[in-house]
Every structure is written in structure tokens, then in C-alpha cells.
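Colleague: Turn this into a structure:
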Amino acid sequence: MSNQLSGAAAASGTTGAVRAFRERLGLPGLIDVHTHFMPERVLAKVWDYFDAVGPLTGTQWPITYRHEEQHRVALLREFGVRAFTAMLYPHKPAMAAWLNSWSAEFAARTPDCLHTATFFPEAGAGGYVRRAVEGGARVFKAHLQVGAYDPNDELLDPVWGLLAEAGVPTVIHCGSMPTPAKFTGPEPVARLLARHPRLPLVIAHMGMPEYTEFLDLADRHPEVRFDTTMAFTDFSERMSPFPVRELGRLAALGDRILLGTDFPNIPYPYEHQLAALEGLGLGDDWLRAVCHDNAARLFDLP
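Modeller: Residues are numbered from 1 along each chain as shown. All right, here's what the predicted structure looks like:
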């Protein structure tokens, strides 16, 4: 009982802190483009990974919002998040279509969730991605680290072509944190954009730790955006600090940066991501754009 009470008190404190942040900026709410909802047994395995990642990285990763699904949805609403996503991703073939079916049902019963879908390099990927887009998918998730695939795999050619033509963004985990993988880093994404220069990509986690290289890509490709997920927080700054010399570029790209948090899989309270963004000192207009207006424009939200 005491743990439940302390958890409720922490959530109440976060609600107040986030409300104060929104009210000071005059925001109608937040739009968080990087939150995770997925089938419960899949999410349990994700949490098992984070439980085990501490010994691998030397940094413990407690899950702050380890609650059942409806509790997590209710928390986001209490925090004033008016739209969020259901980032989910396969780690093997014959999994993505099933995840897409689940996420379509989740979006149907959760109207403030932007209908999210995913894919994997496999025969038929183009077909189920087209069905997802026709079914209302607003955003896709690609995870090159967990999926361990090259985004330039020829099996994905019809997927990228379709998403570029439809203008549907993909949030892509392509940076090398928390651990590098064969196809993470800027080079595979640079090759992808050379073939599909109009492809709307959202680089997850600001591309950490290869911040500068991904900012370079954004300079060359106007449809490349970033989400702030875990970037600039005390937790990430200890492992992969954002280079101070790039703050000017961060300000200049203020119309292409979107709030992301990684809720619920974060090792600190939700409001810490907002405080970290405010601590950059880039001004209230920048914060309003990042925390609401850029995503509202991208997803055509009223």
C-alpha cells in the first residue's frame, strides 16, 4: 500500500509540474511523438531488457511508469498530453503485421493516440504497410538497433517509396545509443535518403550519440526531423552529452524538432524531459514549437 501511495504522490507532483509548464507557455497541451504502447507480453519483454541493461552499460534503468495499459493512458491524459503514439517494433519476421493489427485496435479505442504502425524487411512488407496507411496509420516506427536490419534492404524498397509518396513520417531509431549495432549510425540513413530524398524521417533521440552527423543530414534534407526522446536529460548527458557547440543549429532547426519522451520506459519522472528542454535556454517560442506546434502541423491536428 505504501508503494501505491508514493506512486500516486509522484504522479500528482508530475501532473502539477507539467501543468505549470504548459500554462506558463500558454499551450493547450503537449504532443508526445515517442511513447510506447504495445501488446502486454511484448512490453513485458521490453521491460525485461531494460531491467538487464544496467549490468551491460553500468547504469541502472528503472522503469518509472511500470503500470498496466489503461493506467498509463490515464497518466498521459493527466499530464495534459493531447496526442501521443504507440511506438512498437518487430525484432523478427512475421511479427510486424500482427503488431499493426494490435495497434490499429488500440488507436480505435484510444482516440488521442496517433495510429502507429511498423514494418520489417520481409516479403509482403509493402503490402501490409499499404494496408496500414489505407487504414489510417499516421506514423510508423523503425528500430534499426532492435531489428538489426539495414534500412536499405531491398525488401524495404516498396515501403520507403510508399511512405515518401504518402508523406507519412517514420520515427527511426538509428543512433548508436544505448549500444551500437551493425546498422546504427548516420551512414545507412544517409544512403536511404540519397535514394528517397523526400522521405519524412523523424530521427529518434536526436540521433544520440551521433548528434552532429544527423544534424548534418537534416541540413541536406528538409524532411528530416528529430524527436527529443531522452536527449538533454541528466540520465543521457552522463553517457552522451549533447555538444554545446551545436546549440545554435538546434535553435535554427526549431521548426523540425518534436517532443518525445519514451514514456513509460524512462528512468525519471516525465517532467524532467520538459525541464531539460527548458534548460537549453533557447526561449519560449522554441519550446512552444517543440512541445506542441511542430507536431500539430506535421499531423494536421486542430
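
Colleague: Name the secondary structure element that contains residue 83.
Modeller: Element membership for residue 83 (DSSP states H and E) is strand 81-85.

Colleague: That strand pairs with which strands, parallel or anti?
Modeller: Here strand 81-85 is paired, per DSSP bridges, with strand 30-32 (parallel), strand 113-114 (parallel).

Colleague: how about these, which one is nearest residue 280?
Modeller: Of all those, it is strand 30-32 that lies closest to residue 280, at 16.8 Å by Cβ to Cβ. Using the backbone N, CA and C atoms, a C-beta is placed for each residue, glycine as well.

Colleague: CA atoms only for the very next helix or strand once past the closest one - export them in CSV, please.
Modeller: For strand 30-32, the succeeding helix or strand toward the C-terminus, using DSSP H and E, is helix 40-57. Output in CSV follows, covering the C-alpha atoms of helix 40-57 (Å, rounded to 0.1, in the frame of the first residue of the first chain):
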residue,chain,number,x,y,z
GLU,A,40,1.4,-6.6,-22.9
ARG,A,41,3.6,-9.6,-23.3
VAL,A,42,5.8,-7.7,-25.8
LEU,A,43,6.1,-4.8,-23.4
ALA,A,44,7.0,-7.1,-20.6
LYS,A,45,9.9,-8.3,-22.7
VAL,A,46,11.0,-4.7,-23.3
TRP,A,47,10.9,-4.1,-19.6
ASP,A,48,13.0,-7.2,-19.0
TYR,A,49,15.6,-5.8,-21.4
PHE,A,50,15.8,-2.5,-19.5
ASP,A,51,16.0,-4.4,-16.2
ALA,A,52,19.0,-6.3,-17.6
VAL,A,53,20.7,-3.3,-19.4
GLY,A,54,22.1,-1.9,-16.2
PRO,A,55,24.9,-4.6,-15.8
LEU,A,56,25.7,-4.2,-19.6
THR,A,57,26.0,-0.4,-19.5
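
Colleague: Now do the contacts for residue 152.
Modeller: 188, 191-192, 195 (Cβ atoms under 8 Å, 6 or more residues apart in numbering).

Colleague: just the residues you listed now: which is nearest residue 60?
Modeller: Among the contacts of residue 152, residue 188 lies closest to residue 60 (Cβ to Cβ), at 30.4 Å.

Colleague: okay, that closest one: pLDDT?
Modeller: On the pLDDT scale, residue 188 is placed at 98.

Colleague: Contact partners for it?
Modeller: By Cβ under 8 Å, 6+ apart, the contact set of residue 188 is 144, 150-152, 174.

Colleague: what residues are up against the residue nearest the centre of the chain?
Modeller: Here the mean C-alpha position of the chain is nearest to the C-alpha of residue 34 (Cα atoms, centre = their mean), at a distance of 2.7 Å. Listed by Cβ under 8 Å, 6+ apart, the contact set of residue 34 reads 85, 87, 171, 204, 227, 229, 260-262.

Colleague: Mind exporting the C-alpha coordinates of stretch 292-302 to PDB?
Modeller: What follows is stretch 292-302, C-alpha atoms only, in PDB (Å, rounded to 0.1, in the frame of the first residue of the first chain):
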ATOM      1  CA  HIS A 292       3.200  21.300 -29.500                       C
ATOM      2  CA  ASP A 293       3.100  23.300 -32.700                       C
ATOM      3  CA  ASN A 294       5.600  21.400 -34.800                       C
ATOM      4  CA  ALA A 295       3.800  18.100 -34.300                       C
ATOM      5  CA  ALA A 296       0.300  19.700 -34.600                       C
ATOM      6  CA  ARG A 297       1.400  20.900 -38.000                       C
ATOM      7  CA  LEU A 298       3.000  17.600 -39.100                       C
ATOM      8  CA  PHE A 299       0.000  15.600 -38.100                       C
ATOM      9  CA  ASP A 300      -2.600  18.300 -39.100                       C
ATOM     10  CA  LEU A 301      -4.100  18.400 -35.600                       C
ATOM     11  CA  PRO A 302      -6.600  21.200 -34.800                       C
END
